[in-house]
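>>> Below are the sequence and a predicted model; questions follow.
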Amino acid sequence: MSERAARKETANVVWSGSWVAERLGVELVGNGKPEGDGELRELLGLALRRNPKRAHLLVSNVLGKHVPQRPSVVYGAGVELGLRVRALLGEAEARRAVVLGYAETATGLGHAVADGLGVAPYLHSTRRPVEGVARAGGFEESHSHATSHLLLPEDPALLARGSGAPLVLVDDEFSTGNTVLNTIRALHELYPRDRYVIVALVDMRSAADRERLTGFAAEIGARVDLVARGTGTVRLPDGVLEKGQALVAAHESEREPARAGAAGPGGPCTRVELEWPAGVPDGGRHGFTPAHRETLESALPAMAARIAGALGAEARRILVLGFEELMYAPLRLGTALEEHTDAEVRYSTTTRSPVLAVNDPGYAIRSRLVFPAHDNPADGPGVRYAYNVADAGFDAVVVVVDSAADTPELHAADGLLAELAAHTSHVLLAVVPSYVPSSAPATTPERQEPPMLSEPLRGPAFSSYAPEEVGWLLQDLSNTELEAPTEEREEAIQSGGAHYAESLPVEYQPSAEYQDLFKAALDLSAARIARAVGTVTETVLAERTPRPVLVSLARAGTPVGVLMRRWAQHRHGLDLPHYAVSIVRGRGIDANALRWLAAHHDPADVVFVDGWTGKGAITRELAAALGEFDGFDPEIAVLADPGGCVRTYGTREDFLIPSACLNSTVSGLISRTVLRSDLVGPHDFHGAKFYRGLAEADVSGHFLDTVAAHFDEVVDAVDAEVKELLTADRAPTWEGWAAVERISEEYGIHDVNLVKPGVGETTRVLLRRVPWKILAKRGAGADLEHIRLLAEQRGVPVEEVDGLPYTCVGLIHPKYTRGATGADGKAVASQ
């Protein structure tokens, strides 16, 4: 449900702050606009605190703490704020930013803001000290029930990114601004910087409080920006604290809410194994990086499916209940469950905060469950609360805790699980592993290699290339069974049950006829390829850097990277470093590989290399993925750019590059790269396999040697072509992307990912996927001989068409299930 729909759901009902407003005279006043008061009432209700420091509590309807709300609404509110912050900072500053959320109520909101920002690491303050983790800072929250905040990043350099790194501070509300002042004052002394951005759902400061923050910013010489969903003030009459305390005392003595555990055993309590991805933190207590987010995103659908399976179809109104500071993990499980099921899903969390419960529609806290703390808190035993859960009509509650909180107290007769069981038909416990950070060094060099990253793999131990030709920033998964039948993979990929990078296709074994075709194609096109290699290499040397660090995108880019390295050595005597890294559509580039590169080379010298462009999906993927990292140029250098997607290329013709004809046997016997959460942890490179058993069929060296043998004869043509290119308009036209969109619609596919343009991509379709049909430009000749042979072997029709901007286009079978034949995914009886 959208936030607009959520507003409609609460329209024309009693405002959940009217009970307090009428009895204490508390007013919410909007930002001066006529609709301001109404907007605030949509966002906030009011309750009374059992707190000697402040009588009233602003209860957010979109935070997911005290009021159960749809997870998509809660998460969307934070992401939207993060997008606004990114627009405010601009791309360059956003890449350097750090996001800091406040415990306990804003740990999930801050994390969602970081997700919206997209390129920044996240840390939240905590009240849980962790043995062995050095404290990087702390501050006080004057009005909170529990005041002391600790900062415990695993990486001690996280908060010390320098004056150019903005700090984004996220809280659920700004009431006086004291918490923000205390934070900035404490951190500015340790890690001075020149820009802060404050983010909240609502900014309710008085005019005097606003002036105080402005003056403080001027005092420390920093810019302080503010981004909030709603703006207003709270008007408090004289004596409101005393009146509020008296009102709380009167109501609690009159009717203390019953302890639900005494009501009987209630519904069953069962446990579900989430299979949380290895190495992903449970939240931002010790830091959470974009790489962690990438891994978690890929694992969420499967975890949601496990929860849904454990609940059963009879669960129609479900609450996902988080635990104090553990807000983000249950929130994301809730959003994934919301997408997985048509049941109604709500989300909230338990809390330390004592609040009066009054069962009145004009009061924000209608019910309260009370239970003992169950995570062995550092400040000793105490009571905890879950609000608006009892008698709320939930027929299932999914309790999400970290393993540190899965204690006997949780399972006790008066514990949280028993309290919930009296109010729902089914309690399901999901435990997220508590993240245990590695010990951090006392000092951190300015450029430090991330922990646990190994040196590049090299031949002959990994790949059939010579060790100096390429270093693979990958982990060796050769002993892991990853292959699956092509049809099985296709069905899983298109159904959403798996990502293509989580398995490998069975390696294609070419027939003798096909091998002869490869050799003939290589002999025919070797000089043409040599010319394109020379052109792209000379363009890089002239325009990018005189000493480039070649980084090929494994594996199609790797033979090209080796050839570019050979050209630079042959023509200029340059011994260029060359590495291969993994990039996965929809998941981004290997962040650990980039960190390794940044620790060993100047990022400005890195030139990314690929074989060819199709529609430009990987070009876009790389540009988006590099947003987090300073200094890298996202422009890819390619051998052939038929799609018009890049500026640096050897040719824009769509012709047969023989290395596209084969798989590992022309790429150093290395598989496609693999990214799967159970195999690739947060400090691991992506993986790949070395197919040593295919050594007899390996033509990797033969391909390189055959092309390199033509370098001398194409030198003059390369020089002339480069001279012309350097003065030409080479701006990307994205002609290929437009053609793919048109073909996708014309053929009823409606998914550009299933349209693979160009000779290289069409070859891949025939070798690795389930092809539906091949479109060939009418009159195309020798460049399509291997395509026609493969299509014949697989029983795929080749349709000649006019007006095709590519030599050919491969169409993957749409809506593939075994037995499907048509674009509508339905089987068609043979005639």
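Yep, it's here.
>>> Just give me the neighbour total for residue 478.
15 (other CB atoms under 10 Å). All C-beta spots, glycine's among them, are computed from the backbone N, C-alpha and C.
>>> list the contacts for it?
Residue 478 makes contact with 689, 690, 691, 692, according to CB atoms under 8 Å, 6 or more residues apart in numbering.
>>> So which elements touch the longest helix along the chain?
In the chain, with assignment by DSSP state H, the single longest helix is helix 512-543. Contacts defined by 3 or more CB pairs under 8 Å, 6 or more residues apart in numbering; DSSP states H and E place helix 512-543 against helix 557-572, strand 636-640, strand 648-651, helix 700-708, helix 715-726, helix 785-794.
>>> Low-confidence stretches in the stretch 601-750 of the chain?
Along the stretch 601-750 of the chain, segments meeting pLDDT under 70 span 614-617, 658-661.
>>> Show me the helices in it, by range?
Here the stretch 601-750 of the chain has its helices, by DSSP state H, counting those that start in this stretch, at 617-625, 700-708, 715-726, 735-746.
>>> I'd like those laid out as TSV, including distance to residue 228 and mean neighbour count.
TSV is the format used below for the helices of the stretch 601-750 of the chain (distance: least, CB to CB, whole Å; neighbours: other CB atoms under 10 Å):
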stretch	distance to residue 228	mean neighbour count
helix 617-625	28	19
helix 700-708	58	20
helix 715-726	50	15
helix 735-746	38	18
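>>> would you turn those helices into JSON lines with distance to residue 505?
Formatted as JSON lines, these follow (distance: least, CB to CB, whole Å):
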{"stretch": "helix 617-625", "distance to residue 505": "18"}
{"stretch": "helix 700-708", "distance to residue 505": "19"}
{"stretch": "helix 715-726", "distance to residue 505": "36"}
{"stretch": "helix 735-746", "distance to residue 505": "22"}
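>>> contacting residues around residue 195?
Contacts of residue 195 by CB under 8 Å, 6+ apart are 93, 166, 167, 222, 223, 224, 225.
>>> try it again with 6 Å
Residues near residue 195 by CB atoms under 6 Å, 6 or more residues apart in numbering: 166, 223.
>>> tell me the phi and psi of it?
phi -150, psi 130 (degrees, to the nearest 10).
>>> hang on, isn't residue 346 packed against residue 320?
No: counting by CB atoms under 6 Å, residue 346 stays clear of residue 320, with 7.2 Å between them.
>>> which intervals of the stretch 351-500 of the chain have sub-threshold pLDDT?
379, 438-453, 484-500.
>>> Helices of that one, start to end?
Using DSSP H, counting those that start in this stretch, helices in the stretch 351-500 of the chain cover 408-411, 416-421, 486-494.
>>> element containing residue 192, please.
Here residue 192, judged by DSSP states H and E, is contained in no helix and no strand.
>>> pLDDT at it, what is it?
For residue 192, the pLDDT comes out at 88.
>>> How about residue 514?
Per the predicted model, pLDDT is 69 at residue 514.
>>> Report the separation between residue 323 and residue 359.
25 Å (CB to CB, to the nearest Å).
>>> gap between residue 610 and residue 80?
As judged by CB to CB, residue 610 and residue 80 stand 34 Å apart.
>>> Could you do residue 747 as well?
From residue 747 across to residue 80, the span is 36 Å (CB to CB).
>>> Compare the two (neighbour count), which wins?
residue 747 (18 against 15).
>>> if we can go back for a sec, when residue 323 and residue 359 are compared, which one has more neighbours?
residue 323 (26 against 13).
>>> Tell me, how many residues neighbour the closest residue in space to that one that isn't next to it in sequence?
In space, and not counting its chain neighbours, residue 323 is closest to residue 401: 4.5 Å by CB to CB, 6 or more residues apart in numbering. Neighbourhood size, residue 401 [other CB under 10 Å]: 27.
>>> Next: residue 596.
22.
>>> Helix, strand, or coil at it?
helix (DSSP: H, G, I helix; E, B strand; the rest coil).
>>> Quick check: pLDDT value at it.
Residue 596 is assigned a pLDDT of 85 by the prediction.
>>> can you offset everything so residue one is 22?
Happy to do that; since the first residue is 22 now, the last one works out to residue 617.
>>> mind listing what's buried in the longest helix of the chain?
Residues of helix 533-564 classed as buried: 535-536, 538-539, 542-543, 546-562 (neighbour count, 16 or more other CB atoms under 10 Å).
>>> from the middle of its chain, how far away would it be?
37 Å (CA atoms, centre = their mean, to the nearest Å).
>>> What of stretch 492-507?
Distance, centroid of stretch 492-507 to centroid of chain: 23 Å (CA atoms, centre = their mean).
>>> tell me how far the ends of stretch 334-344 are from each other?
End-to-end distance for stretch 334-344, by CA to CA, to the nearest Å: 25 Å.
>>> One more: stretch 775-782?
11 Å.
>>> next one: stretch 296-307
Stretch 296-307: ends 21 Å apart by CA to CA.
>>> Other residues contacting it?
Contacts for stretch 296-307 (CB under 6 Å, 6+ apart): 132, 143-145, 147, 173, 175, 309, 313, 316-317, 320, 347, 349-350, 423, 453-456, 458, 698, 702-703.
>>> re the thing from before, the more surrounded of residue 367 and residue 341?
Ranked by neighbour count (other CB under 10 Å), residue 367 and residue 341 place residue 341 first, with 30 against 24.
>>> excluding its backbone neighbours, what's nearest that one?
Using CB to CB, 6+ apart, the nearest residue to residue 341 is residue 355, at 3.9 Å.
>>> list the contacts for the one you found?
Contacts of residue 355 by CB under 6 Å, 6+ apart are 92, 341, 366, 368.
>>> Skipping adjacent residues, who's closest to the third one in space?
Right, residue 366. Nearest non-adjacent residue to residue 366, counting by CB to CB, 6+ apart: residue 359, 4.5 Å away.
>>> you'd agree the one you found is up against residue 94?
No: Residue 359 is beyond contact range of residue 94, at 9.7 Å (criterion: CB under 6 Å).
>>> Walk me through the regions of the stretch 72-221 of the chain where pLDDT falls short of the threshold, as ranges.
Looking at the stretch 72-221 of the chain by pLDDT under 70, you get 72-74, 158-169, 182-185.
>>> Could you rerun that using 90?
Counting by pLDDT under 90, the stretch 72-221 of the chain has low-confidence residues at 72-78, 112-113, 116, 124-125, 146-173, 175-186, 195-214.
>>> Show me where it has its helices.
Using DSSP H, counting those that start in this stretch, helices in the stretch 72-221 of the chain cover 92-110, 112-117, 128-138, 199-211.
>>> Make TSV out of those helices and add distance to residue 398.
TSV is the format used below for the helices of the stretch 72-221 of the chain (distance: least, CB to CB, whole Å):
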stretch	distance to residue 398
helix 92-110	25
helix 112-117	35
helix 128-138	16
helix 199-211	21
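>>> and of those, who's closest to residue 477?
When the helices of the stretch 72-221 of the chain are compared by CB to CB, helix 112-117 sits nearest residue 477, at 25.3 Å.
>>> got the buried residues for the closest one?
114, 115, 116, 117.
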